[in-house]
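**Q** Sequence plus predicted model, see below.
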2 protein chains.
Amino acid sequence: MKVNGSPTRTIWPAADGRSVEIIDQTKLPFEFETVSLETVTEAAHAIYDMLVRGAPLIGATAAYGMALAMKADPSDANIQRAYKTLFEARPTAVNLRWAIDDLKQTLSPLNPEDRFDAAWARAAEICDEDVAMCSAIGDHGKELIQVAYEKAGRSRPVNVLTHCNAGWLATVDWGTAIAPIYKAFDAGIPIHVWVDETRPRNQGASLTAWELHQHGVPHTVIADNAGGHLMQHGKVDLCIVGTDRTTRTGDVCNKIGTYLKALAAHDNKVPFYVALPGPTIDWTMTDGYKIPIEERDGNEVTNMRGLTAGGEVVDVRIVSVGSKAVNPAFDVTPAHLVTKLITERGVCEASEEGLRSLYPEHKEAWK
Amino acid sequence: MKVNGSPTRTIWPAADGRSVEIIDQTKLPFEFETVSLETVTEAAHAIYDMLVRGAPLIGATAAYGMALAMKADPSDANIQRAYKTLFEARPTAVNLRWAIDDLKQTLSPLNPEDRFDAAWARAAEICDEDVAMCSAIGDHGKELIQVAYEKAGRSRPVNVLTHCNAGWLATVDWGTAIAPIYKAFDAGIPIHVWVDETRPRNQGASLTAWELHQHGVPHTVIADNAGGHLMQHGKVDLCIVGTDRTTRTGDVCNKIGTYLKALAAHDNKVPFYVALPGPTIDWTMTDGYKIPIEERDGNEVTNMRGLTAGGEVVDVRIVSVGSKAVNPAFDVTPAHLVTKLITERGVCEASEEGLRSLYPEHKEAWK
């Protein structure tokens, strides 16, 4: 999507065809800075230090990391070394593992002298596949925004509430939950986005707000506490959120606080949509409450990063000094609170039947 | 309650009997500082600049403000001047108006030379009345905590979730929602409090956490987003919150985000209690959604105050610079989501019938 008026992806090959550029997302929203990755070590650091984040973008960066390794040394031994270096940068990231497995399989049968070009081409393909998937989610979700616009008699902008950052910054382009918003905006549907700040890491207030502002989409940041009140007063037409993992029965694991918004949407008859790429569906799980929830450091609650009046980015303690904090990172929204799932293949009920209709090939899940 | 081990109120007469001491709450939680008020102007500034906050404490400060005015000049004209000075410090504060009306009525019939002593005594009485009311709320609420403790087979601490600061810092002592917690703790019931940080003004993370820490009550700060997840996993036995205004039908207006916690409590069969002194019941209202909701400055969302590693308290911008924020300060929880109301007269259903049983004298409301 756009940054300073120019179409931009989160990762792209440099003009020299031998290095790759990324946005340093740790500097956002206060600075927009791009970084050039020349080696597999730099790619691994970009993943480890979270210059790139979001499952699809981590996968894409890892794929390019394998290509950068082949540039330096296309030997079998170096395929192994690069694999290990990248894997260890974020061992729990499913997309990372998937991408480096793919590259390893692609490269191993080839002659060493062909490996760099093949890796480079495959990494670009992985990026384009992600963009196509997110774009398709956007097209399907746009229809739901169009419906809300018609329902309001085309009389005013559609108000969409979102939580966390499931925007293009978490993918290669378009995003998941935000893709329908960009598609609707680009198609000229008047739209306004309520952006939950999303404590404790503030991905909404920093990343979602930043990317909507850069693309020119009207939006307003709100405290996470405010969404229910806005729904009670008819100020939200629909919610769209992303997901880290969805069970085959439609239970949705997403950023902490999603469940509270789903409850409020249900109580106020506001449609609550979840946008997801097929690969995030966990076909082995039927009970969302069994998804293990990551407990992150309490410091993310007690401390916060911000910009001083003098333009300096500092970390400040915001909690009374004698008190500790706990920090569960995700929660689970049960399927019955989810109006529909928006996937790259279309829109379906958040249920086993719904997902079966779009993904019939997962036969082992439908026994 | 206790500060550094010593029983403390939020306002108290100085040893000289001619000035009054308060805690400068704008310095909390990072510094504990008391301020001496010598004149009515100083009392008005303390209210206006929010060194004191919370309806009962504002009322108590205003009462002492009238007394300080009488010390300087006990004339009729000065009763009027002091009234005006204090009223204008916070024109919408119902308790302030009530306190200065009370003092004016008390003082006007007296000889000027008797006015200071009378005002001083009446201000002390207003403080003691507030303490007695909060203490009674605490005693009634403690029973509900005891019930939860028995229900858990006395096997582990009772987990109470609270939102915002309805603690002793908002009153003269004890608080409203936190009074039952102090009573239970002081009675030896094992207890642990989940403290919602309460964005955007963070009264939970700063004030509630500070006062629980000072009194020695075990507690943990959480992001506002986390409460629903904790309830889903059985980690909350009951919720207790305060209220700024409750309709005679039991709809509860309280700090923004209260409604979301009430929804989650209802969804997980967690009792949701609201503690309130009788004077905050609005006998004229039957529909909570008609309560006008204050929209505060968006800067409270976009900026945050905190302590740097160097020990300096600074204000930082936390939202992407191109984005604006809106900031509704309260929301309304409908009566059907409230398990019980805890008042100074006992516990009742959140309904017209429930309130009628405790406050039969409000006949005009029961037509």
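**A** Now that the structure is in, tell me what you want to look at.

**Q** Once you drop chain neighbours, what's closest to A:Glu349?
**A** A:Lys340 (6.6 Å; Cβ to Cβ, 6 or more residues apart in numbering or on different chains). For glycine as for every other residue, the C-beta is placed from the backbone atoms N, C-alpha and C.

**Q** Neighbours of the one you found, how many?
**A** 21 (other Cβ atoms under 10 Å in any protein chain shown).

**Q** same check, this time on A:Thr302
**A** Count around A:Thr302 with other Cβ under 10 Å applied: 23.

**Q** List the backbone torsions phi and psi for it.
**A** With angles defined as degrees, to the nearest 10, A:Thr302 sits at phi -80, psi -20.

**Q** Now name the helix or strand holding the closest residue to it other than its chain neighbours.
**A** Distances taken as Cβ to Cβ, 6+ apart place A:Val319 nearest to A:Thr302, at 4.1 Å, with adjacent residues excluded. Remark: A:Val319 resides in no helix or strand, with elements defined by DSSP states H and E.

**Q** Help me confirm that A:Val319 comes into contact with B:Trp210.
**A** No. Counting by Cβ atoms under 8 Å, B:Trp210 is not a contact partner of A:Val319; they are 9.2 Å apart.

**Q** Quickly list what's touching both of the two.
**A** B:Pro29 (Cβ atoms under 8 Å, 6 or more residues apart in numbering or on different chains).

**Q** Tell me which stretches of chain A form helices.
**A** A:40-48, A:55-72, A:76-89, A:94-107, A:112-151, A:179-186, A:203, A:209-215, A:227-232, A:258-267, A:299-302, A:352-358 (DSSP state H).

**Q** Tell me which of those lies nearest to A:Val195.
**A** helix A:209-215 (5.2 Å; Cβ to Cβ).

**Q** Next one: the closest residue in space to A:Ala205 that isn't next to it in sequence from A:Gly257, what distance?
**A** Leaving aside its sequence neighbours, A:Ala205 sits nearest to A:Glu197 (Cβ to Cβ, 6+ apart; 3.8 Å). Distance, A:Glu197 to A:Gly257, using Cβ to Cβ, to the nearest Å: 10 Å.

**Q** and for the two, which residues touch both?
**A** Shared contacts of A:Glu197 and A:Gly257, counting by Cβ under 8 Å, 6+ apart, come down to A:Asp224.

**Q** What about A:Gly346, how many residues nearby?
**A** 15.

**Q** so who does A:Val20 touch?
**A** A:Ile11, A:Trp12, A:Pro13, A:Ala14, A:Ser36, A:Leu37, A:Ala43, A:Thr61, A:Tyr64, A:Ala67, A:Leu68, A:Ala123.

**Q** For A:Pro190, report the pLDDT, please.
**A** Looking at A:Pro190, its pLDDT is 98.

**Q** nearest residue to it other than its sequence neighbours?
**A** A:Pro157 is the one closest to A:Pro190 (Cβ to Cβ, 6+ apart), at 3.9 Å.

**Q** how about the strands in the stretch 201-350 of chain A?
**A** Assigned strands in the stretch 201-350 of chain A, in chain order: A:219-222, A:238-241, A:245-247, A:252-255, A:272-275, A:281-282, A:303-307, A:313-317, A:330-333, A:340-343, A:346-348 (criterion: DSSP state E, counting those that start in this stretch).
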